[in-house]
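[1] Sequence and predicted structure are below.
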Amino acid sequence: MRVRALIQGIVQGVGFRPFVYNLAGEHRLAGQVANDGRGVILELEGDEAAVEAFFAELIARKPPLAHIVCVEREEIEPRGETEFRIAPSRGEARKRTLISPDTCVCEDCLAELTDPADRRFGYPFINCTNCGPRYTIIKGIPYDRPLTTMAAFTMCPACQAEYENPADRRFHAQPNACPACGPQVRLTDPAGNAVETAEPIAAAAEALAEGKIVAVKGLGGFHLAVDAASETAVDRLRRKKHREEKPLAVMVGDLDAARRLVVLSRPDEELLVSSVRPIVLAPKRPGHGLAEAVSPGGKYFGVMLPYTPLHFLLLAAFTRRRAGGALVMTSGNISEEPMAITDEDALSRLGPIADLFLLHDRDIFARADDSVAMSVLGLPRVIRRARGYVPRPVFLDRDGPSVLAVGPELKNTVCLTRDNEAFISGHIGDLENLETLKAFEATIDHLESILEIEPEAVALDLHPDYLSTQYAEKIEGPPLIRVQHHAAHILSAAAELGLDLDKGAVVGLALDGTGYGPSVDGGGTIWGGEILAVNKTGFTRLGHLSPFRLPGGSQAIKEPWRTGLGLLHLAFGEEWPEHLVGFTRRAEGRIELLGQMMDRGVGSPLTSSVGRLFDGLAALCGLKDRAAYEGQAAIELEAALDPAEQGAYSVEIVTQEDGFVLDPRPLIHRAAAEAGRGAPAGVISARFHRGLSRALAEAAQRAAAEAGTKTVVLSGGCFMNAWLLTDLVGRLEVRGLEAAVHRDVPTNDGGVSLGQALAARLALEAGDLEMWTRPKDL
Ligand code: ZN
Ligand code: ZN
Ligand code: FE
């Protein structure tokens, strides 16, 4: 018999054709295999039993990086062939294949890298069909060398022979290279002048050991590296990079070195050594020996292991000089701009920061930041989804039209859908400057082109001022579908976890810093503590945190003391106890003025944000009156929590006409009184966390009963708080509810684009493009 099969999924660039070739050989089957725009096309000829055995093993033994989504088979006329061959790619069909993410160097390649007898000994660009660069070097598909940034290198006879030998591990490995024919590293000064050295990597390691800053061109962009144990070097990097307090990621040589820095759970270790190689957030271990400036005031270090051969060699050379040493490896950018990916851009933007540049001539086509993950409740949770994950799709429960979702403002990602696939872009950043906006536009263009997607609708946030909103409004043609931010959060988790919205509503707790909420009087209000019921035709706002005022509006994000005042104003009104406002040194005589502004409702918008509630509490208990970045005060409030303290403040749930509110006034009264008496921040933090969690569980149960569901979706940036997430999930389970929690998609705003995309598809399905713009009446 002869069978033709179309295999779809991640089947190109992952060693699939050589695998098929060898498997066909084992079963003595003739025929051919080829890449085409939809996946892999396979024809097999032989006896029926052999064909069936082949397909069973195809699934069971697939290459490590392959992901088979479906196999479509049909029987065709036999041709009497006796050989199996690999046929040339066919690019003419619709380009429907999936591209593999970039992958950490594999064990086989590492063994060769460190074998003095191997022809690739010490070669920083070693790779094979099971590992190496993919997404970041692909300019178009089908995935073949001419459409990658490796097109500039012609393989030497030895590499070409591997590439053409179906039995070789490098058969059709598109980035295949060796020291004779492939990319090379070089060391330069900040002006781009070559630094003479036979061993650029060793020279870079030497400079790092001396406390210098080295810009390192990696896989998806540049890093800035310094010795993580050197207080002066790390301080100098921070000053030059204009990064005051955000934690810096560190890279260590191996798992043992990581264990000496941080306390790792088993899932943390699995994450660290996984082929994605994310930055893993884990609690600092006492006596870690790193500079205080790496993660000032924080509870965690972000740690990663080397993932490219270049990183392995650099860490090996560095740790020869500093046994067990660690390198700060932070993105090569200034402040909040996107990371540099070209040599020119790196030299011009990072020139004033780095003392040396470790460059190479394999171009990076698509930017990929390091991914960030942590484990909570025994499972890995992705916080920043980029390198190693992109462009792996989230599979939706059904086919539908292609849509583009442009994401929110902070931690922006975009999302494109194609049939049942949703492709979330890598982390783009905060859309607050021109450089990031350009990266945002380039990402949309790149994804649309490699995925061949022409969106039939565009999903966007309700906020009129977001740059992503303004970008979407300029697109001509496809209809715009506006999606309320917190509904998008809940839909994001629904999409990721495959929740069945056809069966009915789910309850969603969307807790975050800021999102635009629709308002009856036209002006937007700031939401962020929302209890929603969401189904496939829209959402209802069942409950929310009692709104309080933010004196100075968005200034309160970086000045939590203002939020602290807002909370006192909510709890005590105009008559707030004077002695309690001593918590802020920054208020400097403005307290009375701000109080009057809040009384009159001027310059002090109302918010129901739980993220801001955390900020305000951090200020009230004297932890943080000024934040260097959004969410810092909340993070430090969690870090301060005293695990031995078992008390809880109370939050009242009050029924109103338009649903119920979580009224935090009793909580604020007690927290303020205890802070005024000088109670430790760790005690106040514990009582606050536990009290809030208890109230949220009660509210969720009430909402679930109203909505007729057992499923409670938790989404929003507040759920990066591991204590809150763990405690609340436990409380929900005790109440017989099922908590649905993000895993591969960030719970923060990095996941919002996926929710927008699902919202747009549901809106098109229902024929109502407005259904996500405001809640339905109760
Ligand atoms: Zn390999
Ligand atoms: Zn070669
Ligand atoms: Fe959000």
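    Done, it's in. Ligands and ions are numbered 1, 2, ... in the order given.
[2] When you work out contacts or count neighbours from here on, use the C-alpha atoms and nothing else.
    OK.
[3] Restrict stretch 631-640 to CA atoms and write it as PDB.
    Output of stretch 631-640 as PDB, limited to C-alpha atoms (Å, rounded to 0.1, in the frame of the first residue of the first chain):
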ATOM      1  CA  GLY A 631       4.500  47.100  42.000                       C
ATOM      2  CA  GLN A 632       7.700  47.400  44.000                       C
ATOM      3  CA  ALA A 633       6.000  48.400  47.300                       C
ATOM      4  CA  ALA A 634       3.600  45.500  47.000                       C
ATOM      5  CA  ILE A 635       6.500  43.100  46.400                       C
ATOM      6  CA  GLU A 636       8.300  44.400  49.500                       C
ATOM      7  CA  LEU A 637       5.200  44.000  51.500                       C
ATOM      8  CA  GLU A 638       5.000  40.300  50.600                       C
ATOM      9  CA  ALA A 639       8.800  40.000  51.200                       C
ATOM     10  CA  ALA A 640       8.300  41.500  54.700                       C
END
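[4] need the helices for the stretch 151-300 of the chain, in chain order.
    157-164, 200-209, 231-241, 255-261, 266-273 (DSSP state H, counting those that start in this stretch).
[5] gap between the shortest one and the chain center?
    Yep, that's helix 255-261 we're talking about. In terms of C-alpha atoms, centre = their mean, to the nearest Å, the centre of helix 255-261 is found 24 Å from the chain centre.
[6] Can you tell me what sits against that helix?
    With contact meaning C-alpha atoms under 8 Å, 6 or more residues apart in numbering, helix 255-261 is reached by 252, 269, 272-273, 284-285, 287-290, 301, 303-305, 324-325.
[7] Please repeat the previous calculation with a cut-off of 10 Å.
    Outside helix 255-261, the residues that touch it by C-alpha atoms under 10 Å, 6 or more residues apart in numbering are 250-252, 264-265, 269, 272-273, 280, 282-290, 300-305, 323-326.
[8] What's the mean pLDDT across that helix?
    The pLDDT scores in helix 255-261 average 97.
[9] Name the residues of that helix that come out as buried.
    By 16 or more other C-alpha atoms under 10 Å, the buried positions in helix 255-261 come out as 257-261.
[10] Next: stretch 313-324.
    Within stretch 313-324, the residues scored as buried using 16+ other C-alpha under 10 Å are 313-319, 322, 324.
[11] same thing with stretch 189-206?
    Under 16+ other C-alpha under 10 Å, the buried positions of stretch 189-206 are 189-190, 192, 200-206.
[12] Same question for stretch 9-25.
    So stretch 9-25, judged by 16+ other C-alpha under 10 Å, has buried residues 9-21, 23-24.
[13] ok, back up a step: from the buried residues of helix 255-261, pick the one nearest G750.
    Proximity of the buried residues of helix 255-261 to G750 was ranked by C-alpha to C-alpha; the top entry is A258 with 26.7 Å.
[14] host element of the closest residue to ligand 2 within the stretch 601-750 of the chain?
    Nearest residue of the stretch 601-750 of the chain to ligand 2: D744, at 37.2 Å (C-alpha to the ion). Counting by DSSP states H and E, no helix or strand carries D744.
[15] roughly how far apart are it and D500?
    18 Å (C-alpha to C-alpha, to the nearest Å).
[16] Give me the more crowded residue out of these two.
    When D744 and D500 are compared for neighbours, D744 comes out ahead with 19 against 14, by other C-alpha atoms under 10 Å.
[17] Skip the chain neighbours and tell me the closest residue to that one.
    With sequence-adjacent residues excluded and distances taken as C-alpha to C-alpha, 6 or more residues apart in numbering, D744 is closest to V382, at 5.2 Å.
[18] Same question for S468.
    S468 sits nearest to V406 (C-alpha to C-alpha, 6+ apart), 5.8 Å away.
[19] For burial, what's the neighbour tally of the one you found?
    For V406, the neighbour count with other C-alpha under 10 Å is 29.
[20] pretty sure it is touching A472, no?
    Yes. Using C-alpha atoms under 10 Å, V406 is in contact with A472, at 7.0 Å.
[21] Touching both of those two, which residues are there?
    Counting by C-alpha under 10 Å, 6+ apart, the contacts common to V406 and A472 are 458-461.
[22] out of those residues, who's nearest ligand 2?
    Closest approach between the shared contacts of V406 and A472 and ligand 2, by C-alpha to the ion: V458, at 45.5 Å.
[23] just checking, the closest one is part of a helix?
    No. Counting by DSSP: H, G, I helix; E, B strand; the rest coil, V458 is not part of a helix but strand.
[24] And it, what's its pLDDT?
    For V458, pLDDT reads 98.
[25] again, but for C621
    At C621, pLDDT is 89.
[26] Equivalent analysis for D36, please.
    Per-residue confidence (pLDDT) for D36: 82.
[27] I'd assumed P142 was in contact with it.
    Yes. Applying C-alpha under 10 Å as the test, D36 and P142 come out as touching, 6.7 Å apart.
[28] Just grab the bridge partners of L606 for me.
    R549 (DSSP bridges).
[29] Does it touch G553 like I think?
    Yes. Look at L606 against G553 with C-alpha under 10 Å: they come within range, at 8.7 Å.
[30] so who does the residue lying closest to P547 once chain neighbours are set aside touch?
    Sequence neighbours aside, S608 is the residue nearest to P547 in space, at 4.3 Å (criterion: C-alpha to C-alpha, 6+ apart). Applying C-alpha under 10 Å, 6+ apart, one finds that S608 lies in contact with 511-515, 517, 525-530, 544-549, 661-662.
[31] Filter these down to just the ones in strands.
    Counting by DSSP state E, the contacts of S608 place 511-515, 517, 525-530, 544-545, 548-549, 661-662 in strands.
[32] What's the ChimeraX syntax to select whichever of those residues are buried?
    Of these, the buried ones go into a single ChimeraX selection, burial set by 16+ other C-alpha under 10 Å:
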select :511,512,513,514,515,517,525,526,527,528,529,530,544,545,548,549,661,662
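[33] Show me which residues of this structure sit near ligand 1.
    Residues of the chain lying close to ligand 1 (C-alpha under 5 Å from the ion) are 106, 109, 127-128, 131.
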